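Chemist: quick one: sequence plus predicted model below, questions after.
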Amino acid sequence: MSEPTDAERYPTLSDSGRAMLQRLTEHPAAPTYRNRSGNRLRPDDLAALAAFEAEMLTAPIGWRPGEAPDWIPSFLEQSYREVPHFRARGPAPRGLADIPTTSRADLARDIAAFVPDTVAIDRLINFRTTGTTGHPLLIASHPLVAASYLTFHKRALARFGITLQAGAGDVGVVLLGHQQRCFTYVSVTPSMGEAGLAKINLHPNDWRDPDYRAQYLDALAPEVVAGDPISFAALLELPVTMKPRAILSVAMMLTDGMRDRLEARFCCPVLDLYSMNEVGPIAVTDRSAGGRVLLQPRLYVEIVDREGRALAPGCRGEVCVTGGFNFCLPLVRYRTGDTAVLDMAGDVPMLRDFSGRRAIRYRTASGAWVNNIDISHALQGLSGAQFALHQDAAGAITLALSADAAADAPMAVAALRRLLGDVPVAVATITGDDKVLQYTSDLAGSLAA
């Protein structure tokens, strides 16, 4: 297959948009861009995207824990009619209770079986994700789906009083990475006047001079900076003067300590988004509400036990979702692998006591068990990019900290001892730029129900 042309990557590109791409790639301090991408949005897509955004920015979530919304029966009927995996089961049930859950392993086994027959193959796009656990996964998507992420980012920003203003001639978003190898590219956002978008790698290997990193970011002056705690730790080391209006953390656990450092440095809100490649943006942390407030009006959330049975409101279990905005991958009772309690923040459902991926218990010196959510609370003061906690078969604890959190070690060890008692605690350093699995244990019974 031949490489796409620029006309295929940017079907609606204007002279202004072309000038923005040139500015992003040809600036004297620009990094090495290793990849090429594009929005692939056609004129009719832009109209559909505008209508979708207008609806989604104001639509209520419209359901409460344990009360499925009224769109569920029609969604199930359509999914069981158009999606091969569900069609093979027979007629669509009216409700969710009798439907078995699906998992990442199911998608990894045969992603094509989860794509509706009605999706035009020539517009499909895909990307591969591996994460720190689970199965390598190819995600089916579409240019409209990729562009729709912005709608839910806008919905999250609106909760904190921010309306995006970037337009023609502005850089709207810079996405940060910090890895040995990183997918990097430039693009424009047609729904925002072809404002610029750049995915850059802050690792020095991608720059002719490491000092160019700060120069380039200041020259772009993006309205929004997005990344993860690893790239934010690298950003905090740079002498940048840019003033983004918001920072979005879109992967990994963001501690209160890291959020406070970012907010103090950049004087703007830092939003912690719960997002998955299979589902898109699911929720945003609102500390005043006490949890992660849901963002998608057409995504229903259940909390389920190990057997996939829906738990009563107030119980902690695995987050399981139905619906979503990716019409190439309609999800029916999809297990996320994350755990939480479903609660309400006013009239909006939220996830409380959230823990990414499987719930792990840690044994205290007295033989009692402590859930990893309590560990997260105890270590919220950490200011570094990431940490990992492991308990070996004898009960000893190893706390691994990223290098930028070395000074936090005494505080962290004291917090663990207050929680776990007089257990042996060793401190190690996380090396390299890769994400780590945060909570692990060799103890029998450590996997929380």
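Modeler: Alright, I've got the coordinates.
Chemist: for residue 173, list the residues it contacts.
Modeler: When contacts are counted by Cβ atoms under 8 Å, 6 or more residues apart in numbering, residue 173 touches 166, 189, 195, 197-198, 222-226. C-beta: built from backbone N, CA, C; applies to glycine.
Chemist: just the ones of those residues in strands?
Modeler: When strands are assigned by DSSP state E, the members of those inside them are 189, 195, 197-198, 224-226.
Chemist: for residue 371, give its distance to residue 361.
Modeler: When Cβ to Cβ, to the nearest Å is applied, the distance between residue 371 and residue 361 equals 6 Å.
Chemist: quick check, central residue of this structure?
Modeler: In the chain, the C-alpha closest to the average C-alpha coordinate belongs to residue 275, at a distance of 2.8 Å (Cα atoms, centre = their mean).
Chemist: tell me what that residue is bridged to.
Modeler: Listed beta-bridge partners, residue 275: residue 281 (assigned using DSSP bridges).
Chemist: my guess is it meets residue 284, correct?
Modeler: No. Residue 275 lies out of contact with residue 284 (Cβ atoms under 8 Å); the separation is 9.3 Å.
Chemist: ok, residue 411 touching residue 383?
Modeler: No. Under the contact definition of Cβ under 8 Å, residue 411 does not touch residue 383, with a separation of 9.7 Å.
Chemist: longest strand of the protein?
Modeler: Longest strand in the chain by number of residues (criterion: DSSP E): strand 331-345.
Chemist: what are the pairing partners of the helix or strand following it, and which direction each?
Modeler: Once strand 331-345 ends, the next helix or strand along the chain (criterion: DSSP states H and E) is strand 348-355. Sheet partners assigned to strand 348-355 using DSSP bridges are listed as strand 291-294 (antiparallel), strand 331-345 (antiparallel).
Chemist: make TSV from those strands and add mean neighbour count and mean pLDDT to it.
Modeler: As requested, those are arranged in TSV below (neighbours: other Cβ atoms under 10 Å; pLDDT from 0 to 100):
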stretch	mean neighbour count	mean pLDDT
strand 291-294	23	97
strand 331-345	21	95
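Chemist: contacting residues for the closest residue to residue 212 other than its chain neighbours?
Modeler: When the adjacent residues along the chain are set aside, residue 212 lies closest to residue 29, with 3.8 Å between them (Cβ to Cβ, 6 or more residues apart in numbering). For residue 29, the contacting residues are 209, 212-213, 215-216, 219, by Cβ under 8 Å, 6+ apart.
Chemist: gap between residue 29 and residue 90?
Modeler: Relative to residue 90, residue 29 is positioned 60 Å away (criterion: Cβ to Cβ).
Chemist: and for residue 317?
Modeler: Relative to residue 90, residue 317 is positioned 28 Å away (criterion: Cβ to Cβ).
Chemist: the two: which is more packed in?
Modeler: Each of residue 317 and residue 90 had its neighbours counted (other Cβ atoms under 10 Å), and the higher figure belongs to residue 317 (22 against 8).
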